[in-house]
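S.K.: Need coordinates for the following:
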Amino acid sequence: MKLLGLDDVVELRLLNFVFVLWGVNGAIRKNVNVNGEHDYFQNMSISLSTASLSVILSTVSLAIYLQFISPSFIKVLETSFVWGDNLTAPMAVFAVFFEGMASAVVTSFIIMQYWKDVKKTIVRKKKAK
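M.R.: I've put the predicted structure just below:
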């Protein structure tokens, strides 16, 4: 985004949520379609693992970016969120990690509600044969 001059557009950060939804849904779809796994808790575990990995990688990327690439980006974060004026890089990374983990849990539960209904449809089709 920095290369395109869009690093200060806050709304583009919501695009991360779309990527997490897409990744979690793709992981569950693959587990259901390829592996034939329909167990709710198994798929929930996969969705949480996928989302958590995404959050961890994003948090590490943010830490590297703030430390080595653009330390001044902390000023953009201060003005775009309600974190206050005394934001430090560790505070930002910590907050993004916990916000991301909460989002990962919510996203996993939302996607699993869809796949729970898909499982019922698949089971009904198998019984009809």
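S.K.: Now Leu62: which helix or strand?
M.R.: helix 40-64 (DSSP states H and E).
S.K.: Which helix or strand lies directly C-terminal to that helix?
M.R.: Using DSSP H and E, the first helix or strand after helix 40-64 is helix 73-80.
S.K.: lowest average confidence, helix or strand, in the protein?
M.R.: In the chain, no helix or strand scores lower on mean pLDDT, DSSP states H and E than helix 73-80, which sits at a mean of 78.
S.K.: List the buried residues of that one.
M.R.: For helix 73-80, a neighbour-count test (16 or more other Cβ atoms under 10 Å) marks Phe73, Leu77, Glu78 as buried. C-betas here are computed from N, CA, C, even on glycine.
S.K.: where's the second one relative to Tyr65, distance?
M.R.: The spacing between Leu77 and Tyr65, counted by Cβ to Cβ, to the nearest Å, is 11 Å.
S.K.: and what of the last one?
M.R.: Computed as Cβ to Cβ, the Glu78 to Tyr65 distance reads 15 Å.
S.K.: just how off-centre is the next helix or strand after the least confident helix or strand of the chain within its chain?
M.R.: Beyond helix 73-80 on the C-terminal side, the first helix or strand identified by DSSP H and E is helix 89-128. Helix 89-128 sits 9 Å away from the centroid of its parent chain (Cα atoms, centre = their mean, to the nearest Å).
S.K.: element containing the spatially most central residue of the chain?
M.R.: Closest to where the C-alpha atoms of the chain average out (Cα atoms, centre = their mean) is Val20, at 3.6 Å. Applying DSSP H and E as the criterion places Val20 in helix 15-33.
S.K.: Show me what counts as buried in that helix.
M.R.: Val20, Gly23, Val24, Asn25, Ala27, Ile28, Asn31, Val32.
S.K.: how many other residues sit next to Leu87?
M.R.: Using other Cβ atoms under 10 Å, the number of residues around Leu87 comes to 16.
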